[in-house]
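Novice: Sequence first, predicted coordinates after that:
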Amino acid sequence: MLPIDEVVLIRVLFRHGVGGKVRPAVVVLNTSDDDFVAAPVTSQARVSGFDLALEDWQGAGS
């Protein structure tokens, strides 16, 4: 079982076009079976009401 806040690599599909890319994501919900919910991590600003900016992430500790 993956712990919440674990960083994993997942295949993220491209919004437009075919294919995808392996990207880091943070586990935000683990359902205790083979499923989990993860939030992709990126350094690029997005335009969505669901995105959160991490500020001072380097000072947050390990």
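Specialist: Ah, there it is. None of the values given here were measured: they were computed from a predicted structure.

Novice: gap between the two ends of stretch 16-35?
Specialist: Counting by Cα to Cα, to the nearest Å, the length from the leading to the trailing residue of stretch 16-35 is 25 Å.

Novice: for stretch 34-53, same thing?
Specialist: For stretch 34-53, by Cα to Cα, the gap between its terminal residues amounts to 29 Å.

Novice: Mind listing residues that contact that stretch?
Specialist: 2, 7-8, 10, 12, 23-31 (Cβ atoms under 8 Å, 6 or more residues apart in numbering). For every residue, glycine as well, the C-beta is placed using N, CA and C.

Novice: do stretch 21-33 as well
Specialist: The list of residues contacting stretch 21-33 from outside it, by Cβ under 8 Å, 6+ apart, reads 1-12, 14, 36-42.

Novice: those strands in this structure, which residues are they?
Specialist: When assigned using DSSP state E, the strands of the chain occupy the ranges 7-13, 20-30, 36-40.

Novice: just those: most buried one?
Specialist: The highest mean neighbour count among the strands of the chain, using mean count of other Cβ atoms under 10 Å, belongs to strand 36-40: a mean of 15.

Novice: Sheet partners, orientation included, of that strand?
Specialist: strand 20-30 (antiparallel) (DSSP bridges).

Novice: Between strand 7-13 and the strand it pairs with, find me the angle.
Specialist: Calculated by axes from the mean of the first three to the mean of the last three Cα atoms, to 10 degrees, strand 20-30 forms an angle of 130 degrees with strand 7-13.
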